[in-house]
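Colleague: Turn this into a structure:
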Amino acid sequence: MLGSELVGKEYEPFTFEVEKGRIRMFAHAIGETNPIYYDEAAARDAGYRSLPAPPTFPFTITMESRQPFLPIEELGVDITRSMHGEQSFTYHSDICAGDVITGRQKIVDIFEKKGGALLFIIVDTRLDNQDGRHVADLRMSIVVRNG
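Modeller: Model prediction:
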């Protein structure tokens, strides 16, 4: 099966600096109106160190670091035959503006369905902040149409 030799592969760590402007833009894009995502004083009053990253923001971290594309490129798959199939998040701590996030991506499974017509690539990404605190785990499935 295409790619099965990549199961267990870990990619080089990547870093991402979380900026206030990025958090505000993301919150606006998803229709979030809570002032903690826009106003530093409101965020601090709510107990955050700075503006907190809205839920699902960690996927932006992986996208801007081009992580989801690495397994596709390594397999030599035409990107137009692939799609983002599923995404899950497990949060362990807050991600806030000013954090420098280090991510580590690993391919945890590759399997076929529909008699090989579909290839699924399952990728886990661990995110830690600048203090070494584990902040989130992401699991993503990439679906590739074969044939």
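Colleague: So for the lengthiest helix in the chain, what gets flagged as buried?
Modeller: Counting by DSSP state H, the longest helix found in the chain is helix 20-29. Within helix 20-29, the residues that count as buried by 16 or more other Cβ atoms under 10 Å are 20, 22-24, 26-27. (Each C-beta comes from the backbone N, C-alpha and C, glycine too.)
Colleague: Please apply the same query to stretch 56-74.
Modeller: Under 16+ other Cβ under 10 Å, the buried positions of stretch 56-74 are 57-62, 65, 67-68, 70-72.
Colleague: Do me a favour and average the pLDDT over that stretch.
Modeller: For stretch 56-74, mean pLDDT is 90.
Colleague: and the end-to-end length of that stretch?
Modeller: Using Cα to Cα, to the nearest Å, the gap from the first to the last residue of stretch 56-74 comes to 26 Å.
Colleague: can you give me how far it is from the chain middle?
Modeller: Stretch 56-74 has its C-alpha centroid displaced from the chain centroid by 6 Å (Cα atoms, centre = their mean, to the nearest Å).
Colleague: on contacts alone, who are the packing partners of the longest helix of the chain?
Modeller: For helix 20-29, the elements it packs on are helix 57-64, judged by 3 or more Cβ pairs under 8 Å, 6 or more residues apart in numbering; DSSP states H and E.
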